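Participant: structure for the following, please:
(chains A and B)
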Amino acid sequence: MSSAPGVNYLNEKSGLWSWLTTLDHKRIGIMYMISVLSFFAIGGAFAMLIRWELFGAGKNIVDAATYNQFMTFHGAIMTFMVIIPGVPAFLGNFFLPLMIGAKDVAFPRVNLLSWYCLMVGAAISFWSLFYHGADTGWTFYTPYSIQTDNGTTWLVAGAFVMGFSSILTGLNFIVTVHKLRAPGMTFFRMPLFIWGLYSTAVIQVLATPVLGITLLLLIAERTMNIGIFDPAMGGDPVLFQHFFWFYSHPAVYIMILPAMGIISELITCYSKKTIFGYRAIAWSSIGIAAVSFFVWGHHMFVSGQSEVAGIVFSFLTMLVGVPTAIKTFNWVATLYKGSIEFSAPMLFALGFIFLFTIGGVTGIMLAVTAVDVHFHDTYFVVAHFHYVMVGGTLMAITGGIYHWLPKMFGKMYNEGVARFSFVLIFIGFNVTFFPQFVLGAMGMPRRYYDYLPAFEPLNKVSSLGAWTIGVGFLFALYVVVDCILRGKKAPDNPWGAKTLEWQTSSPPPHENFTTQPVVTGGPYEYR
Amino acid sequence: MSTANTTEYHHHTAHHFDSADAEYRASKLGLWVFLMTEILMFGGLFVGYIIYHQKMPETFAAGSKFLDWKLGSLNTVILIFSSLTMALSIYYAQIGKKAMVLYNLYITFFCGVGFMVVKSIEYSHKIHDGLLPGSLFHHAAEAGSAGVAHLPIYFSFYFVMTGLHGSHVLVGMGLIAWLIVRAHKGHFGPQYYTPLECVGLFWHLVDLIWIYLFPLLYLVG
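Facilitator: Predicted coordinates:
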């Protein structure tokens, strides 16, 4: 299809119906963007409320039962509706075909179906609010999740349906990468974001079905008392933990691997330098995906698993540090003697490296079984995974959104406000979560409604930091909305980037490229 | 009875594929990836089965005695036969015999119906006898005539595993019905038989899972 000048995927058709029935991966990506950002606002609001309640010891705004609901919905929304679909289904959907020179993903209808699965799953999850919500935490641990009398079944059923969304996205990406690369686009000429998405897709496809059957068994447990996880009937509640983490540990790599891919793109683009150690970064993505399936037991060091299992899982968990460090060192080496431009996306990428390193190294600390006995279920763990998931993934998503806004909407964003949002988010983040490492080391347990008076000063600091992050993300939202509504027209390649998505017009036409691109070299031929 | 009748319908390759062959190969790869997810989902159940069988072998032996291995065998034969007819329908599409495609699809579909009928006979016996999962269990054997602990867990596995499998059979029958409609319209022939091949692969997997379920549940004693 040869498109007339000025016609692009945004203005080619109009009307809400044309969006709800679209098969264009770019439009589906934008629909994911709207949904994920909305869920992020809801999950973020719960985070603000949690920190408000924890601002002082004792009751501040709500009672303990309501607090448990806040905590559960914050966790479930952020995990299943924001971070898991955040990079692959939103940015990945939009850019994977563009970056490999394809016209669309392999199965456009399946792609649209995956969005509807997310929407239906989310609706079912929120339906639980009509049954007094859920208070199990996002991990749904048995036996409490079997006994609690509220809408947990709905939340679990919603997570089950959203799992299909994740599986279908992963399936689509695997086939697209294998079958729809442009002529000359060999595997080792693919941008590293694609390697990240591909590794993620493998995890999505292999791990999510296990969560599916686990949640299905939990629903059967709650509706028919089948007893498989119920010790009173001969069942084993720890088996639930094994099943759950067999998915949910790889799932944290679903969240971080594509984010690492974004960082690879940003670092090389804003250093104007060929990435250092391309193959090492590419293989390390596959390495992390492979190891991710053999570390789930580190969530159960104190759940009564055997000591041998504890030692093996401890060792395997530390092994994850190797490919992760390979990536980090290669990013830093790329910066060396680069022409670094401190634009907003680059600031987020540098912030990522700083925060993710702290998150990663504390992960190694938690992998030490003796140390974990002390840190288990304390705020140390909360701080650790927020450094990885917020300091890592959310920083990468925000940087990635800024980086690709000109391509997605053909408009430039306000650089000054974008940098200011980084300053607020970065400072606010450290103010929020660094004190939580200290609180955790002092023994403050996670998930609790109240704490000892001695913990009060640091909790106040943490809450103030959280609200700073909240304001920072409001500024980031302003940048996005302002860009879409009032941004100046963007050139096709404002950053001088080398990857394929920048070689087509902004915004791209319906079939992405007016002529089929032919690839003759690597993705980052800067200098 | 078989007349080549394939030229009227022409399948249009989707716009983002270079050729019909590229589309065919992408569809097949996608389906294999999907089958992996199915294997992992049932894999969770099989792992659970192995763990509990290890923990309480006598419970599983006692539980399996309540199942009718003859009905189980009958269903195994039905499903294996239906896999043959499914495969034959693809073969006849490849050589362009529309009538034979339809004939085999109908047999496959009715094998599915047969399987579900036998299954529902088994289920209604279990329900009548109170051999139900978990706390719904109210058979006399609970009092100890079978002399084993936790007998209800066996029926939890029995109903969850066969129930999930049965729902897959129903989905497969729905897909085969869709194939029958399309075959009537003359959509399949030597040039285009991707849906037949993909549903066929799915049906074979459903068959294969039963081949594992049958000995694990019926013959384990």
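Participant: what's downstream of the helix or strand A:Leu218 falls within, the next helix or strand?
Facilitator: Assigned by DSSP states H and E, A:Leu218 belongs to helix A:192-224. Toward the C-terminus, helix A:192-224 is succeeded by helix A:237-271 as the next helix or strand (DSSP H and E).
Participant: apart from its neighbours in sequence, what residue is nearest the residue of chain B found nearest chain A?
Facilitator: The minimum distance from chain B to chain A, using Cβ to the nearest Cβ, falls at B:His150 (3.2 Å). From N, CA and C alone the C-beta is placed, and that goes for glycine too. Distance criterion Cβ to Cβ, 6 or more residues apart in numbering or on different chains; nearest residue to B:His150, sequence neighbours excluded, is A:Gly234 at 3.2 Å.
Participant: what's the burial count for the closest residue to A:Phe294 other than its chain neighbours?
Facilitator: Nearest residue to A:Phe294 in three dimensions, chain neighbours excluded: A:Leu316, at 4.9 Å (Cβ to Cβ, 6+ apart). By other Cβ atoms under 10 Å in any protein chain shown, the residues close to A:Leu316 number 18.
Participant: what about A:Leu316, distance to B:Gly63?
Facilitator: Look at A:Leu316 and B:Gly63: by Cβ to Cβ, to the nearest Å, they are 36 Å apart.
Participant: right, and the residue nearest to B:His150 touches B:Leu151 too?
Facilitator: No: shown here, A:Gly234 and B:Leu151 do not form a contact pair, counting by Cβ atoms under 8 Å, at 9.1 Å.
Participant: and those two? Which one has more around it.
Facilitator: B:Leu151 (23 against 20).
Participant: and that one, what pLDDT?
Facilitator: Per-residue confidence (pLDDT) for B:Leu151: 87.
Participant: show me what the helix ranked longest in chain B is packed against.
Facilitator: Looking across chain B with DSSP state H, the single longest helix is helix B:20-55. Judged by 3 or more Cβ pairs under 8 Å, 6 or more residues apart in numbering or on different chains; DSSP states H and E, helix B:20-55 is in contact with helix A:152-179, helix A:192-224, helix A:237-271, helix B:57-64, helix B:151-184, helix B:194-218.
Participant: is the third one in proximity to chain B?
Facilitator: By that I understand helix A:237-271. Yes: applying Cβ under 8 Å from any Cβ of the partner chain, one finds helix A:237-271 in contact with chain B at A:239, A:243, A:246.
Participant: got it, and the first one?
Facilitator: Yes: using Cβ under 8 Å from any Cβ, helix A:152-179 reaches chain B at A:167, A:171-172, A:174-175, A:178-179.
Participant: report the distance from that helix to the chain centre.
Facilitator: Here the centre of helix A:152-179 is set off from its chain's centre by 14 Å, with Cα atoms, centre = their mean, to the nearest Å.
Participant: quick check: phi and psi at B:Tyr192.
Facilitator: Backbone torsions for B:Tyr192, taken as degrees, to the nearest 10, come to phi -150, psi 110.
Participant: I'd like to know how many residues surround the residue lying closest to it once chain neighbours are set aside.
Facilitator: The spatially closest residue to B:Tyr192, leaving aside those adjacent along the chain, is B:His11, at 4.1 Å (Cβ to Cβ, 6+ apart). Look at B:His11: counted by other Cβ under 10 Å, it has 16 neighbours.
Participant: now B:His11: which helix or strand?
Facilitator: Per DSSP H and E, there is no helix or strand for B:His11.
Participant: and it, what does it touch?
Facilitator: B:20, B:187, B:191-192 (Cβ atoms under 8 Å, 6 or more residues apart in numbering or on different chains).
Participant: pLDDT weak spots in chain B?
Facilitator: B:1-8, B:141-147, B:221 (pLDDT under 70).
Participant: ok, now chain A?
Facilitator: For chain A, the ranges with pLDDT under 70 are A:1-4.
Participant: mind listing what B:Leu175 touches?
Facilitator: Contacts of B:Leu175 (Cβ under 8 Å, 6+ apart): B:199, B:202-203.
Participant: A:Val479: neighbouring residues, count only.
Facilitator: When counting by other Cβ under 10 Å, one arrives at 24 neighbours for A:Val479.
Participant: close enough to count as contact, it and A:Asn414?
Facilitator: Yes: applying Cβ under 8 Å as the test, A:Val479 and A:Asn414 come out as touching, 5.7 Å apart.
Participant: hang on, the earlier thing: who touches both of A:Gly234 and B:Leu151?
Facilitator: Shared contacts of A:Gly234 and B:Leu151, defined by Cβ under 8 Å, 6+ apart, comprise B:Thr59.
Participant: re earlier: who wins on neighbours among the residues of helix A:237-271 next to chain B?
Facilitator: A:Phe243 (24 neighbours).
Participant: what sits against it?
Facilitator: A:210-211, A:213-214, A:217, B:44, B:48.
Participant: just the buried members of these?
Facilitator: Burial by neighbour count, 16 or more other Cβ atoms under 10 Å in any protein chain shown: within the contacts of A:Phe243 this picks out A:210-211, A:213-214, A:217, B:44, B:48.
Participant: could you dump these into JSON lines with distance to A:Phe426 added?
Facilitator: Shown next, in JSON lines, are those (distance: Cβ to Cβ, whole Å):
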{"residue": "A:Val210", "distance to A:Phe426": "36"}
{"residue": "A:Leu211", "distance to A:Phe426": "33"}
{"residue": "A:Ile213", "distance to A:Phe426": "40"}
{"residue": "A:Thr214", "distance to A:Phe426": "37"}
{"residue": "A:Leu217", "distance to A:Phe426": "42"}
{"residue": "B:Gly44", "distance to A:Phe426": "41"}
{"residue": "B:Gly48", "distance to A:Phe426": "45"}
